[in-house]
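K.L.:
Sequence first, then the predicted structure, then my questions.
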Amino acid sequence: MSNTEVLLQQLIIGLSNGMIIALIALGYTMVYGIVELINFAHGDLFMLGAFLALTVVGALGLDAIPEPALLSWGFIPLLIIVPLFCATLNWSIDRLAYRPLRDAPRLAPLVSAIGVSFVLINIGLFWGGLRMDVFNGGVAAASPKDFPWIVSSANLLGPDSNIILTWNELLVFAITVPLMIGLSVLVKFTRLGKAMRAVAQNPTAARLMGIDVDRVIGATFLIGGALAGAAAVVYSSYNHTIYFQMGFRVGMDAFTAAVLGGIGNLPGALVGGLVIGVIRAMSDQYIATEWTNVVVFAILIVVLTFRPSGILGATVREKV
Amino acid sequence: MSLLHVDDVTMQFGGLTAVNKVDFRVERGQIFSVIGPNGAGKTTVFNAITGVYEPTEGIILIDGRPGMRPVTPRTILGIALVGVLTAAGFTIALNLESMWNAAISANYIYKQPFAWGKAIGDALGHLRSAPATLTLLPAIAGLLIGVAGATSVWRRSRRSPDVVARQGVARTFQNPRVFHQMTVLENVLVGMDTKLRTRFWHAACRLGFKHEHCSSVEKAMAMLRFVELEDEAGAAASCLSYGHQRRLEIARALASEPKLLLLDEPAAGMNPSESVDLMELIRKIRDRGIAVVLIEHHMNLVMGVSDRIAVLDYGNKIAEGTPDEIQACPKVRKAYLGTDLD
Amino acid sequence: MSEGPLLSVQGIFAGYGPIEALKGVTLNVQRGEIVTLIGANGAGKSSTLMCICGVHRARKGSIHFDGEEVTDEKPHSLVAKGLAQVPEGRKIFARMTVLENLELGAYLRKDVAGIKSDLDMVYTLFPILGERRKQLGGTLSGGEQQMLAIGRALMSKPKLLLMDEPSMGVAPILTAKIFDTIRELNKQGMTILLVEQNAHLALKLAHRGYVLETGEIVLEDKASSLLTDPRVKEAYLGDED
Amino acid sequence: MRIPFIVGLVGLAVLSGCGSGTPAPSGDSNTTTTPSATPAAPSGGNPSVIKIVSSLPHTGSANAQIMTIVNGIKLAIDEVGGKVGDFTIVYEAWDDASPERGQWDPAIESANAQKAVADPDVMAYIGTYNSGAAKYSMPILNNALLLMVSPANTWPGLTKPGVGEANEPMTYRPSGKITYYRVVPADDIQGLVAAQWASEMGCKKVYVLHDRELYGQGIAKMFQQASGPLGLEILGFEGIDPKASNYRSLVTKIKQSAPDLVYFGGTTQTNAGQLAKDLRAGGLAVKFMVPDGCFEDAFIESAGAANLEGNTFITFGGLPADKLTGKGAEYYANYKAKYNSEPQAYSAYGYESARAVLEAIRIAGKKDRAAIAAACGQIKDFDGLLAKWSFDENGDITTKTLSGNTVKNGKFEFVKILGQ
Amino acid sequence: MPAGGIRRILVLRAGWILLAIALVLPVFDSFLPREFQFAGLMRPIFILAILGLGLNVVTGYTGLLNLGLAAFMAIGAYSYGILTCDIYPYQLSFWTALPLTICIGATAGIVLGLPTIRLRGDYLAIVTLGLGEIMQDTLKNLDGITQGTQGINPLPAPRLFNYQFSPENWIPWYYLLLAILAVVVLFCRNLEHSRVGRSWIAIREDEIAATCMGINPVKVKLLAFSVGAELAAMSGGLWAAYLGSTGEPGNYDFQISIIALCMVIIGGMGNISGVLLGAVVMIGFNSILLVKVTTILAQKGLIDTQNVITVPSNWKYMVFGFALILTMRFKPEGLLPSRQIKAELHEMDEDRRALKKKAGTK
């Protein structure tokens, strides 16, 4: 492989990974923007989404298809069921664990979120013990699970090309980009989007406008959950391994992306995700894999030294 | 030299000019009022004076000194030091393991005595023989990042309220900002912070701590007596009524023994009789030799107590003068007071 | 539609934590009148309004609006029933345009044509808002923000308008203008409950008035009578004249 | 309202110590124990009962493997009818993992060791699963001269001088006596054998990866050390992040250097499956070799059988259960009959270590820790699962039988015996 | 209000009550049947309580959310390990190494805090969270120095006069750690009631108002950050000494930071007795109660190896999680009421005593 090819290949890998990170980061940033809560359970919600995706794959027999077609039809039910499930779950979590704490001290919902995260991890562990074929009869509940190929792995650039670009990478973009555009449109132009922005800026005033604040916050969790579900499907079909503890690391990457881009800022999440994805790929290639995490956080600290509110974050001027 | 110089101060927020070329002077022992409609930029001027905001243009001098951290040789030295340390840090970080191997692992034989001198020599020798990409490059990068980072961080915190406060400026806020989780007495003690000398280790081990603590508590009680809050000294500040919180804020501000006191709408939410008491209090503060700058809407209070008044409208100063001059000024009547003052 | 007062508050108690802010407040607002609630700071005026519009929950007592019991209703359903508030300190959405702010006022309404005509009505009432419709709310001056807050409340087509300290922090010249607008609105048939620090101005404007002291109604009368009441004069009007 | 709540929670914490159940036979309080060079075993307990405990991580990822080890131990005890001589053998399976770790926890492992030392009935300690955990319990147990037999520790430094750190293994033997034995061959042997096998298969250039864990990095280093003399060229030696979501960037980098074989020192839990997948997805059709940490069904499950088919090679310090003969075949049949399931790789070692403990008790013939620990070292030509074996002077098992395995049709397939 | 008296005593004297219980606990414990004894398991509580007190300074007093305290604990443990273990040339004793460890922790806190301390709330949270993660990576990668995942062992136990502490005998350890904890508590209490503590709390309550009073926010926050780091490093050093090994770098992970955070919040933010109670509840629940329950269930044979749901240890996360959620639901301000309540009870004893003294002299 020539050096240019390597660079191109790493860019493709970095951007694909970055897109997935960005999709999860959106969930963090939306929830943070509206209730100022670091939703620690978000990564684990994403993990449960991946487990559901695998369960659906097993139930529909998608794993039995030996060489999947370009785009397996199975993708469509996955993309409906999993986001729906994650959205509902996220909404219920908000309803049961966070909503009662709206007036509590600031860190109380954070601890509650950590608690929820533990519960979800435990559910993931049990889920891995399901007596289904895709879970190998549930004997090794805690082991990583293989997520079968449901999209063709044939190289689109031809079998002899050194650079690998498959439908898997394209699918990441094909799902993520429209979701992001849709989300921006929703927040900018729809009635719900306006209500969300109003609640984020001033909940009391929003209430006086006749906005049901709890419902709007619920809707935000719903959308954030759906994004996590979509991300779970994309992640699983791209990486093919899921395990019950994966939420923490993926969630941390996503949260870092959200902060790097400027938390509460939707385009910021995208920029942050892509930057982190690309840095990871480049560090793996040109520095050393074992130092990649250190490199990412060193860059985060340097960026925040010069831009304390993240790349796209606006400087917040406190009203005195 | 006047106590406070505000010269051609302009404040812009994202293209919007909140304050436009405002200038005024406050003399020692004077009560100076700033009036004007809401949004005219009065509080913004306060924030610029106290260092909460940095003015886009213009100069603010307190007792002839700008209210920001001065560029001293120490500052430059400090930034240079951060740069050098970052450079050294980067270089050592990149070579840490190999230096350790050269110095410690290579020289130490299990449970044998260790030659420290040789180890240090070996470590430096190793660093000298390492390729430039591992020594010079990180050192230069570290120096650049260190100096740039330190400068950027220092510049951001250059104008900080604490610098202004240490020059003898204290203030209150439009909405009282007392420390809710503290007692009333502790609130005042926080105000005295700049005057206290207790160092960290003294505090931790209670060395020579008692004496200063007792005298500061005594002073704080005197402040509370001055604003007639001594009965509430042990209560949580959050339990105070709105009016009491305002007085607590004044006591806290006075505790720092300021030369200049800025009061942001102290009479908001007071009924006329309370306003009269407040007027009295402000005069008493002035009599202690403290200059007072006042933002207020209660015209009776302003006119009754002020030595001079400045009027702001849409960020511009439209008039300045004694209360009588201001009341007579047609421009002010038109823009602010309304033609019939009833 | 039922007869009787538009709004009737019966002996409500409310508080924050251990502190009792309201101790049995009772008041009525008849259709078409301006009622004012005056009192010192901390007397519970704002708390009363917050209870009426459902943001704060009353511990005891009942609230009837337009003949219906609404004591435990949520703010959004009260807005739907025709109750709007111009909150204390204006509470503009600073990072939204003037137009978006006004549109949020009509959040619960579905009649596109009605919203359009009301928007025009607000623009005629406050021409400055029309000029600045694309500007962010946070960049308006204090008086303009107050107008925007009133306009925003009007966009929900309320039957009763609650106003909390519309003169607070507004230049005397603008205060007069805002009070003129209130009078104008009332002439067009709007019922208004006005909470005001500036007792003198408020009593001059209103038909009736209540005086609130430490969470209790201590006086209730025609506004003109209150203006001359010696107790009121001493405590709230002072040497204004 | 407030007080009952606080009191309740404090009470809960206090009660946790009391629990419920029948009080155990009382003995001297261990508070009177004085420290000294000679161990003072707690007296008391039931003279006719000998307790064997195991300390293995029941929580988390290795759980399935651990359960079959525990079953193996139980099987060995059942085979002797729960009695050795006049002593009734009692077995307790302790957990050295904690929920927040998701794996073994140093605090719990060392607490387990202290608990075992304090209990006068405990005469043998089977464990640990992880070599890292053994470092905590070994000195404590050794000081009390309590026999410790590990079914799974493979870090060479635990027994062999000169392989690990400068102070290993003396540091684990404060009493100066050997009380720690293991029934698995250590990693230096496995690393060597793996390198030999790679060379036999005709590989010239190798890229070595490891998971930066004690086991994985250790064995990768052993592999690297053994490669030099065999003429294998090491193209790279790199640690991976076991929590990363994929290794495609790394695979691209490896691809650039065009190796014949990628060796990964790591386990299923440290993402061996993901690495295998990414090697294939990255279009790198080279041989992939992993050590026995991946010799469990979970590896095939997590990697996806298709990704391993034919070009993945696994070394294992023993034979697969169904390839055992003689005593081993007997064990395999009994296990399947009793538990109605297939044993996993290390189950046989659980069984073997329990048998070694029972044999030591039999040789000692009395309930005395020092005697039993010493007796274990005297086990010679024991009829083991693989062959007859003894413990050498370090406490290592003398068998060096390793098997080379591959994956065929979604199952491990035995290829050959290595290292003989 | 008859309960008021008890409540008052509980709130105001919680520290003394806890100390008294801790002092007599080993005696009480020795009367319990052996398999139910638990006082020996209390030692991790003391060590982690120091960590909790460190976080209390950073998060409880100063309001900086630090999610990477484990990094400083790791620094402490590894510093202690390198300074004492005989595979390195330093080979200091416990009593020299521990203060050095604390100094290293404080320095690390300042160095790492300098570029980040100005970040607002949640940005600092993510930076510290990242710090916690990369510290493990760094310690693993520098295996030439730290032995990587081998851990540094054995580490010498302390020696006091001619007495050598040993892992077998837990009673001396118990009292040693209790004494160190008591010193740390005293240290924190002195700070809390001094100018330093006041400026921390002022910064937490209202940063702008505090700065306008002349408090330099950067200095004050940095001080708090480094005191937190110092206490964390201390607990790391003690932890390593207690276990006789630094353990793997992976042991100092996010879970440790989270446990410390939960201790502080469940106990009651900014309240020393609350943090101590939080430590007892959290660690007691985690390492004593759950372990005992599992053992009892295992003895009763209620475990089916083939089914993940019937293994009790698999439920630990669930129980732990629900405990956190429910505590926050019903006691969001923590188990022990904070300073606020104390203030409402008019009992800021320190100032009150000073006041009384003044009244007496006049």
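P.N.:
Happy to help now that I have it.
K.L.:
So which residues of chain C form helices?
P.N.:
Taking DSSP state H as the test, the helices found in chain C are C:45-52, C:75-81, C:98-105, C:112-125, C:127-131, C:142-154, C:172-187, C:199-205, C:223-228, C:230-232.
K.L.:
what's the least confident stretch among those?
P.N.:
Comparing mean pLDDT across these, the lowest value falls on helix C:230-232: a mean of 82.
K.L.:
starting at the chain centroid, how far to that helix?
P.N.:
Distance, stretch centre to chain centre, for helix C:230-232: 24 Å (C-alpha atoms, centre = their mean, to the nearest Å).
K.L.:
So is that helix next to chain B?
P.N.:
No: using C-beta under 8 Å from any C-beta of the partner chain, helix C:230-232 stays clear of chain B, with a minimum separation of 11.1 Å. Where you see a C-beta, it was placed from the backbone N, CA and C, and this is true even at glycine.
K.L.:
which other residues reach that helix?
P.N.:
Under the contact criterion C-beta atoms under 8 Å, 6 or more residues apart in numbering or on different chains, helix C:230-232 has outside partners C:Ile38, C:Ala199, C:Leu203, C:Val211, C:Leu219, C:Leu226.
K.L.:
Can you tell me the closest non-neighbouring residue to B:His298?
P.N.:
With sequence-adjacent residues excluded and distances taken as C-beta to C-beta, 6 or more residues apart in numbering or on different chains, B:His298 is closest to B:Ala267, at 4.7 Å.
K.L.:
Quickly find the element holding the one you found.
P.N.:
In the assignment (DSSP states H and E), B:Ala267 maps to no helix and no strand.
K.L.:
doesn't B:Leu281 make contact with it?
P.N.:
No: counting by C-beta atoms under 8 Å, B:Leu281 is not a contact partner of B:Ala267; they are 10.5 Å apart.
K.L.:
Next one: D:Lys380, what pLDDT does it get?
P.N.:
In this prediction, D:Lys380 carries a pLDDT score of 88.
K.L.:
Secondary structure of it: a strand, I assume?
P.N.:
No: remark: D:Lys380 does not belong to a strand; assigned using DSSP: H, G, I helix; E, B strand; the rest coil, it is coil.
K.L.:
Look at the closest residue to it other than its chain neighbours and say how many residues are nearby.
P.N.:
The spatially closest residue to D:Lys380, leaving aside those adjacent along the chain, is D:Ser390, at 4.4 Å (C-beta to C-beta, 6+ apart). D:Ser390 is surrounded by 15 other residues when neighbours are defined as other C-beta atoms under 10 Å in any protein chain shown.
K.L.:
which residues touch D:Ser390?
P.N.:
With contacts defined as C-beta under 8 Å, 6+ apart, D:Ser390 is in contact with D:Ile379, D:Lys380, D:Asp381, D:Phe382, D:Ile397, D:Thr398.
K.L.:
What parts of chain B come near chain D?
P.N.:
Counting by C-beta under 8 Å from any C-beta, the positions of chain B adjacent to chain D are B:Tyr110.
K.L.:
how about the helices in chain B?
P.N.:
Along chain B, counting by DSSP H, helices occupy B:42-50, B:73-100, B:116-129, B:132-156, B:161-166, B:184-191, B:200-205, B:209-226, B:242-255, B:272-287, B:299-305, B:323-328, B:330-332.
K.L.:
out of those helices, deepest packed?
P.N.:
Neighbour counts (mean count of other C-beta atoms under 10 Å in any protein chain shown) averaged over each of those peak at helix B:184-191, with a mean of 28.
K.L.:
Okay, the closest residue to chain C within the stretch 151-300 of chain E and chain D: tell me how far apart.
P.N.:
Closest residue of the stretch 151-300 of chain E to chain C, C-beta to the nearest C-beta: E:Gly268 (17.1 Å). When distances are taken as C-beta to the nearest C-beta, to the nearest Å, E:Gly268 and chain D turn out to be 10 Å apart.
K.L.:
looking at it, that residue is touching E:Thr327, isn't it?
P.N.:
No: E:Gly268 is not in contact with E:Thr327 according to C-beta under 8 Å; the separation is 11.2 Å.
K.L.:
shared neighbours of the two, anything?
P.N.:
What both E:Gly268 and E:Thr327 touch, as defined by C-beta under 8 Å, 6+ apart, is the set E:Leu335.
K.L.:
more crowded one of those two?
P.N.:
When neighbours are counted by other C-beta under 10 Å, E:Gly268 and E:Thr327 differ, and E:Gly268 comes out ahead with 27 against 23.
K.L.:
Run through the residues that contact B:Ala220.
P.N.:
Taking C-beta under 8 Å, 6+ apart, we find B:Ala220 in contact with B:Leu185, B:Val188, B:Leu189, B:Met192, B:Ala255.
K.L.:
so what's the fourth one closest to, chain neighbours aside?
P.N.:
What sits nearest to B:Met192 in space, not counting adjacent residues and going by C-beta to C-beta, 6+ apart, is B:Ala255, at 4.6 Å.
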